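Chemist: Pasted the sequence and its predicted model underneath.
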Amino acid sequence: ETEDDIASVYFNLALMLDPELDIARTMLGSTLDYSDRGEEAVEILRQVSETSPFYATSRGQLAWALLRLGQEDEALEVARDGQAKTGDRDLTIQLGDLYRTVGKFDEAYRWFDSVVTSDEAEGREDWRSYYARAVTLHELGDWEGAERDLLRAVEIDDGQPQVLNYLGYSWVDRGENLQKGFDLIQEAVRLSPNSGYIVDSLGWAYYMLGQYPQAVLYLERAVELSPDDPTLNDHLGDAYWRAGRELEARFQWRHALALDPDEADIAGIEAKLASGLKAPEPSVMAGESGVTEPS
């Protein structure tokens, strides 16, 4: 038996002894959902009543379980209904996350903005709400607004690797504040050295600056950490090609295709497999970046 199976037994026993023990019900629902038993999780979580102190928590869990089962409309309805009945802050944040996950960024922004506005009125400082709103603003094409929120998130807590990575990579990607951007990414890697996507950011930043040996070094490490991520494998293929390792590049691109990448990326990977990469454009960034090596 797995640990999840054993945990499920204990939670079920707890509910047999006390059918009103909603904390056990929410924990059982989470365990079932984590174990890819989403339909069972949904059935359990629906049993938490509106009068329970765990109602808001269960609504968030239920919404995510439904979304993972492909029931997007019902997932959003459950979360909206729960938020309307409870006004729960965490559920409001989850509602924004749900909308962002399904690509409805205008709605996501509305919910995240309501949290930030409420927090500021109450004097609460939470880097997470600024970060969530920043990512959504960036998706909506408002980089200036996103940058303000990211800087505020760092001001509140400068030890969050995902925030440092997002801000640093965005700067490098835009050709702005290059040394500061690299410093932030390097700090993010120091704080979270086993995060494939953060290590990928450092490698891809080197790639964009035309520093291909360093790019290969970090992108290989990123793929070791997250071998099943198509984007990371695609990035490594590009770096191999620029480093003159064309056979290995094609292997990585084929592997990226086999990992079910986003529909929007498939044509680009197939084109690279057919014709390779075009010669890079001359880059001011590559020639004058002044970016230093990580220590």
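Modeler: Cool, got the structure. What you see is a predicted model, and the numbers here were worked out from it, not measured in a lab.
Chemist: Need the single longest helix in the chain, by residues.
Modeler: helix 105-122 (DSSP state H).
Chemist: how many other residues sit next to Asp228?
Modeler: A count of nearby residues for Asp228, using other C-beta atoms under 10 Å, gives 12. Using the backbone N, CA and C atoms, a C-beta is placed for each residue, glycine as well.
Chemist: again, but for Asp73
Modeler: For Asp73, the neighbour count with other C-beta under 10 Å is 10.
Chemist: Give the helix, strand or coil label for it.
Modeler: helix (DSSP: H, G, I helix; E, B strand; the rest coil).
Chemist: if we can go back for a sec, list the buried residues of the longest helix of the chain.
Modeler: 105, 107-109, 111-116 (16 or more other C-beta atoms under 10 Å).
Chemist: how far is it from where the chain is centred?
Modeler: Its chain's C-alpha centre and that of helix 105-122 lie 19 Å apart, by C-alpha atoms, centre = their mean, to the nearest Å.
Chemist: Give me the angle between the next helix or strand after it and helix 105-122.
Modeler: Of the helices and strands lying after helix 105-122 in sequence (DSSP states H and E), the nearest is helix 127-139. Helix 127-139 runs at 150 degrees relative to helix 105-122, counting by axes from the mean of the first three to the mean of the last three C-alpha atoms, to 10 degrees.
Chemist: Could I get the phi/psi values of Thr26?
Modeler: phi -70, psi -40 (degrees, to the nearest 10).
Chemist: That one contacts Arg46, doesn't it?
Modeler: No: with contacts counted by C-beta atoms under 8 Å, Thr26 stays clear of Arg46, the gap being 11.7 Å.
Chemist: Compare these two (neighbour count), which wins?
Modeler: Between Thr26 and Arg46, Thr26 has the larger neighbour count (other C-beta under 10 Å), namely 22 against 15.
Chemist: so how far is Trp171 from the more buried one?
Modeler: Per C-beta to C-beta, to the nearest Å, Thr26 is found 40 Å from Trp171.
Chemist: do Leu257 as well
Modeler: 31 Å.
Chemist: per-residue confidence averaged over stretch 125-142?
Modeler: Across stretch 125-142, pLDDT averages out at 97.
Chemist: try stretch 246-253
Modeler: The model assigns stretch 246-253 a mean pLDDT of 97.
Chemist: Identify the residues contacting it?
Modeler: Here stretch 246-253 makes contact (C-beta atoms under 8 Å, 6 or more residues apart in numbering) with 223, 233-234, 236-238, 240-241, 269, 272-273, 276.
Chemist: Out of those, grab the one that's most surrounded.
Modeler: Leu236 (29 neighbours).
Chemist: what sits against it?
Modeler: By C-beta under 8 Å, 6+ apart, Leu236 lies in contact with 203, 216, 219-220, 222-223, 252.
Chemist: And the furthest pair within these?
Modeler: Greatest spacing in these, by C-beta to C-beta: Gly203 and Gln252 (12.7 Å).
Chemist: returning to that earlier point: which of the contacts of Leu236 ranks first by neighbour count?
Modeler: Within those, Leu219 tops the neighbour count with 29 neighbours, counted by other C-beta under 10 Å.
Chemist: Rebuild the contacts of stretch 246-253 as CSV, extending it with secondary structure, distance to Ser129 and pLDDT.
Modeler: Formatted as CSV, those follow (DSSP: H, G, I helix; E, B strand; the rest coil; distance: C-beta to C-beta, whole Å; pLDDT from 0 to 100):
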residue, secondary structure, distance to Ser129, pLDDT
Val223, helix, 33, 97
Asn233, helix, 33, 97
Asp234, helix, 32, 97
Leu236, helix, 34, 98
Gly237, helix, 37, 97
Asp238, helix, 35, 97
Tyr240, helix, 40, 98
Trp241, helix, 41, 97
Ile269, helix, 36, 96
Lys272, helix, 39, 96
Leu273, helix, 42, 95
Gly276, coil, 44, 95
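Chemist: Could you dump those residues into JSON lines with distance to Gln83 added?
Modeler: Output for the contacts of stretch 246-253, formatted as JSON lines (distance: C-beta to C-beta, whole Å):
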{"residue": "Val223", "distance to Gln83": "39"}
{"residue": "Asn233", "distance to Gln83": "38"}
{"residue": "Asp234", "distance to Gln83": "37"}
{"residue": "Leu236", "distance to Gln83": "41"}
{"residue": "Gly237", "distance to Gln83": "43"}
{"residue": "Asp238", "distance to Gln83": "42"}
{"residue": "Tyr240", "distance to Gln83": "47"}
{"residue": "Trp241", "distance to Gln83": "48"}
{"residue": "Ile269", "distance to Gln83": "40"}
{"residue": "Lys272", "distance to Gln83": "44"}
{"residue": "Leu273", "distance to Gln83": "46"}
{"residue": "Gly276", "distance to Gln83": "50"}
